[in-house]
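Enquirer: quick one: sequence plus predicted model below, questions after.
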Amino acid sequence: MTKNTKIPVVPKNLLVPFIAATSIFALWGFANDLTNPMVAAFKKVMILSNEEAYNVQFAFYFGYGVMAIPAALFIRRFSYKSGLLLGLALYALGAILFYPAAENGSYTYFLISLFVITCGLGFLETTSNPLILSMGDKETATQRLNLAQSFNPIGSLTGMLIAKFVVLDRILSADYADSSEIVALGAEKAAEIKAFDLNIISGPYIAVGVFVALVFFVIWKTKIPAMVMGDHLSVKESVNRIFKSKTFLLGVIAQMFYVGAQIMCWTAIFQLVEYLNESQNLGVDATWWNITAMVSFVTTRFIGTALMKKINPAKMLAYFGVAAALMCGGIIMTTGILSLVFLVLVSVFMSIMFPTIYGLALKDMGEEAKLASSGLIMAIVGGAFLPKLQASIMDFGDTVNGQEVFGDKIAGNITEIHFSFLLPMICLLFVAFYGMYAFKVTQSKIA
């Protein structure tokens, strides 16, 4: 423990490339949390069911699964810097494709644009995470990744604020209680509203596409050293080593469940607020609750990173996993504002999970970490499948005027929207199990 406090988290000679790489973490945080509220926006504008609207998340996160392995092979063949540049190029392209998607008015075109964005994000995450891990001593690798990942929620907060003030507060569809009111206006007026709203939705994406293109040129001009983490291995040798690591394999599963839980909680906050406003006339704003959750998330991540100097990261992960699962239980069993409070508290305990799982799974890996990182990024595809399962639970009951309602009781007095949080609860319990397993492995190596 004393040793850890004396080893610098980031060596001085790597500070500039560390800052350059860390700045990119905010960019994918922005994309993630600009997109989460778009589920609700597209549902209104395109008149979709919850399950259809959740295709936004499916398309968005599916790109990670498709691109992770190609990205890992690419950076093995070329360099970390090349991986960052290609990722930024795909990100910018996908964002700018929102312009023709809005002009065409096709939901499918928007989904394709989101998929291209996440192909870029898959490259960025597959490249950035092992790059950060390699920028210093192995003993501080998990702490270093937590520090870099702490800037991801800053981009997330920016995305949330833009989603609220630039999109959700300005779309005309939000002024109508349900789709039947828009249809009653007539086909021509309904088409005008749809076209206006789709242009509002596409605006922030087009703007960030231009910004990411500028970041591309900044990274191009920044000197990023070719980090070497160990002996150069063939792909076959790397795969053999990777699959012999039970800590890594369980880490991939834990990461899949964590990402699924995170996306379910941060997306469903909009559906939960919608239900509470309709059933209890609370008049609360989902975006502000989402922002509160994110502020809590980023604050706790900085605190958690500092505490890792004193507390074993694996043990902290186990404790936080249990606490987050208990908070999900609170959402299931309560109603009103209290259930929203529990939902915010889930974010508090999810704060350290992604980078800690990542660091633990790749701990003690050398050059094979480049390929192994793709497995952890592919796990993000869990964020594409699990939210759709949660949405199907929300859609379990009846419809009113063609729109699903969330108040049907499917487990005693528990409504379908509350019951759906059983899924993230199960996911977070597995994360807790993984933390305890990784802690025991660490202790056995010390012994």
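Expert: Cool, the structure landed.
Enquirer: can you list contacts of stretch 321-340?
Expert: 261, 265, 269, 272-273, 276, 280, 282, 284, 289, 342-343, 345-346, 348-350, 353, 414, 418-419, 421-422, 424-426, 428-435 (CB atoms under 8 Å, 6 or more residues apart in numbering). For glycine as for every other residue, the C-beta is placed from the backbone atoms N, C-alpha and C.
Enquirer: what about burial for the residues you listed, which qualify?
Expert: Buried subset of the contacts of stretch 321-340 (neighbour count, 16 or more other CB atoms under 10 Å): 261, 265, 269, 272-273, 276, 289, 342-343, 345-346, 348-350, 353, 414, 418-419, 421-422, 424-425, 428-435.
Enquirer: now do the contacts for residue 153.
Expert: For residue 153, the contacting residues are 29, 294, 297-298, 301, by CB under 8 Å, 6+ apart.
Enquirer: next, the nearest residue to residue 353 once chain neighbours are set aside: secondary structure please.
Expert: Spatial nearest neighbour of residue 353, excluding adjacent residues (CB to CB, 6 or more residues apart in numbering): residue 258 at 4.8 Å. Each residue gets one of three states, and residue 258 gets helix by DSSP: H, G, I helix; E, B strand; the rest coil.
Enquirer: the helices in the stretch 251-400 of the chain, which residues?
Expert: Under the criterion DSSP state H, counting those that start in this stretch, helices of the stretch 251-400 of the chain are mapped to 286-307, 313-333, 336-350, 353-362, 369-378, 382-394.
Enquirer: mean pLDDT and distance to residue 23 for those - can I get that in TSV?
Expert: Listed next are those as TSV, based on pLDDT from 0 to 100; distance: least, CB to CB, whole Å:
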stretch	mean pLDDT	distance to residue 23
helix 286-307	87	16
helix 313-333	95	24
helix 336-350	94	23
helix 353-362	89	16
helix 369-378	78	19
helix 382-394	77	23
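Enquirer: where in the stretch 1-150 of the chain is pLDDT low?
Expert: Along the stretch 1-150 of the chain, the model assigns pLDDT under 70 to residues 1-6.
Enquirer: and the contacts of residue 153, which of them are buried?
Expert: 29, 294, 297-298, 301.
Enquirer: what residues are up against residue 386?
Expert: By CB under 8 Å, 6+ apart, the neighbours of residue 386 are 257, 260-261, 263-264, 423, 427.
Enquirer: of these, which is the most crowded?
Expert: residue 261 (32 neighbours; other CB atoms under 10 Å).
Enquirer: confidence score at it?
Expert: Among the per-residue scores, residue 261 holds a pLDDT of 93.
Enquirer: so it makes contact with residue 432?
Expert: No. Taking CB atoms under 8 Å as the definition, residue 261 is not a contact partner of residue 432, at 11.4 Å.
Enquirer: and the helix or strand containing residue 155, average pLDDT?
Expert: Assigned by DSSP states H and E, residue 155 belongs to helix 152-162. Mean pLDDT, helix 152-162: 86.
Enquirer: next, the angle helix 336-350 makes with that helix.
Expert: 150 degrees (axes from the mean of the first three to the mean of the last three CA atoms, to 10 degrees).
Enquirer: for residue 218, the count of nearby residues, please.
Expert: Neighbours of residue 218 (other CB under 10 Å): 11.
Enquirer: what is the three-state secondary structure of it?
Expert: Here residue 218 is recorded as helix under three-state DSSP.
Enquirer: list the contacts of it.
Expert: residue 20.
Enquirer: now it: how far from residue 21?
Expert: According to CB to CB, to the nearest Å, residue 218 and residue 21 sit 12 Å apart.
Enquirer: and of the contacts of residue 153, the nearest to residue 146?
Expert: Set against residue 146, the nearest of those by CB to CB is residue 301 (6.6 Å).
Enquirer: in the chain, what residue sits furthest out from the centroid?
Expert: For the chain, the residue at maximal distance from the C-alpha centroid (CA atoms, centre = their mean) is residue 186, at 38.8 Å.
Enquirer: now that one: phi and psi?
Expert: Main-chain dihedrals, residue 186, degrees, to the nearest 10: phi 100, psi 160.
Enquirer: rewinding a little: report how many residues lie close to the residue nearest to residue 353.
Expert: Each residue near residue 258 was counted by other CB under 10 Å, and the total is 29.
Enquirer: isn't it up against residue 428?
Expert: Yes. With contact defined as CB under 8 Å, residue 258 and residue 428 form a contacting pair (7.5 Å).
Enquirer: which residues do the two both contact?
Expert: residue 350.
Enquirer: hang on, the earlier thing: tabulate the contacts of residue 386 (JSON lines), appending distance to residue 105.
Expert: Shown next, in JSON lines, are the contacts of residue 386 (distance: CB to CB, whole Å):
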{"residue": "257", "distance to residue 105": "37"}
{"residue": "260", "distance to residue 105": "31"}
{"residue": "261", "distance to residue 105": "34"}
{"residue": "263", "distance to residue 105": "27"}
{"residue": "264", "distance to residue 105": "29"}
{"residue": "423", "distance to residue 105": "33"}
{"residue": "427", "distance to residue 105": "36"}
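Enquirer: out of those, the closest to residue 136 would be?
Expert: Closest approach to residue 136 among the contacts of residue 386 (CB to CB): residue 257, at 28.7 Å.
Enquirer: that closest one and residue 372, how far apart?
Expert: As defined by CB to CB, residue 257 lies at a distance of 18 Å from residue 372.
Enquirer: same thing with residue 55?
Expert: From residue 55 to residue 372 the distance is 30 Å (CB to CB).
Enquirer: check residue 11 too.
Expert: Residue 11 is 23 Å from residue 372, by CB to CB.
Enquirer: these two: which is more packed in?
Expert: residue 372 (23 against 13).
Enquirer: residue contacts, residue 257?
Expert: Neighbours of residue 257 in contact, by CB under 8 Å, 6+ apart: 382, 386, 426-428, 430-431.
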